[in-house]
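Novice: no sequence on this one, just coordinates:
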């Protein structure tokens, strides 16, 4: 499962970089392309921007930190995936997704000192994001869910063991 997860991460990194390449070459910087709207109500747009920070441009200009953190997270994630390689598939895949998102944005930061963002969800005031960000968020959600599922299974197993001990 470890090798498959690394291949998944590599695939997601390629998808991220291809999408960013298309956005960079086909959508003018700052241009908004409305993709889904109902009358005047906008739902989803493609908006090519560059971000030198993280979400909502926090830590803008702190490139050293925004490069160092994903490197550390990726190294820790790879070691963790190897350690639990025979464990929960969702847990390993979720870490691979986090790694892929981190590396996708890391490539941009190292190459251009900023990240290409392009997905805008219009109904709320939310930062414009990219595919790598989606990988990170979904990976984190799935990782948390895998921990919750493992905790529930562990609790049920302990109750069964306890009930078997009381029945004797």
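Specialist: Thanks, I have it. These numbers were taken from a predicted model, which means no experiment stands behind them.

Novice: strands of this structure, residue ranges please.
Specialist: 32-38, 41-51, 115-121 (DSSP state E).

Novice: of those, which is nearest residue 104?
Specialist: strand 115-121 (8.7 Å; Cβ to Cβ). In this view, the C-beta of every residue, glycine as well, is placed from N, C-alpha and C.

Novice: could you find the closest non-adjacent residue to the residue nearest the centre of the chain?
Specialist: Central residue of the chain (Cα atoms, centre = their mean): residue 136, 1.2 Å from the mean position. Once flanking residues are discounted, residue 136 sits nearest to residue 101: 3.5 Å by Cβ to Cβ, 6 or more residues apart in numbering.

Novice: who's in contact with the one you found?
Specialist: If you count contacts by Cβ atoms under 8 Å, 6 or more residues apart in numbering, residue 101 has them with 12, 16, 131, 132, 133, 134, 135, 136, 137, 139.

Novice: could those go into JSON lines alongside pLDDT and distance to residue 66?
Specialist: Formatted as JSON lines, the contacts of residue 101 follow (pLDDT from 0 to 100; distance: Cβ to Cβ, whole Å):
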{"residue": "12", "pLDDT": "98", "distance to residue 66": "19"}
{"residue": "16", "pLDDT": "98", "distance to residue 66": "16"}
{"residue": "131", "pLDDT": "97", "distance to residue 66": "18"}
{"residue": "132", "pLDDT": "96", "distance to residue 66": "13"}
{"residue": "133", "pLDDT": "94", "distance to residue 66": "13"}
{"residue": "134", "pLDDT": "96", "distance to residue 66": "18"}
{"residue": "135", "pLDDT": "97", "distance to residue 66": "16"}
{"residue": "136", "pLDDT": "95", "distance to residue 66": "13"}
{"residue": "137", "pLDDT": "95", "distance to residue 66": "17"}
{"residue": "139", "pLDDT": "96", "distance to residue 66": "18"}
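
Novice: now render those as a markdown table, adding distance to residue 94.
Specialist: Converted to a markdown table, these look like this (distance: Cβ to Cβ, whole Å):
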| residue | distance to residue 94 |
| --- | --- |
| 12 | 12 |
| 16 | 17 |
| 131 | 16 |
| 132 | 15 |
| 133 | 15 |
| 134 | 13 |
| 135 | 10 |
| 136 | 10 |
| 137 | 11 |
| 139 | 5 |
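
Novice: buried only: go through those for me.
Specialist: 12, 16, 131, 132, 133, 134, 135, 136, 139 (16 or more other Cβ atoms under 10 Å).

Novice: now these in JSON lines, with distance to residue 163?
Specialist: JSON lines is the format used below for these (distance: Cβ to Cβ, whole Å):
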{"residue": "12", "distance to residue 163": "43"}
{"residue": "16", "distance to residue 163": "49"}
{"residue": "131", "distance to residue 163": "47"}
{"residue": "132", "distance to residue 163": "47"}
{"residue": "133", "distance to residue 163": "45"}
{"residue": "134", "distance to residue 163": "43"}
{"residue": "135", "distance to residue 163": "42"}
{"residue": "136", "distance to residue 163": "41"}
{"residue": "139", "distance to residue 163": "36"}
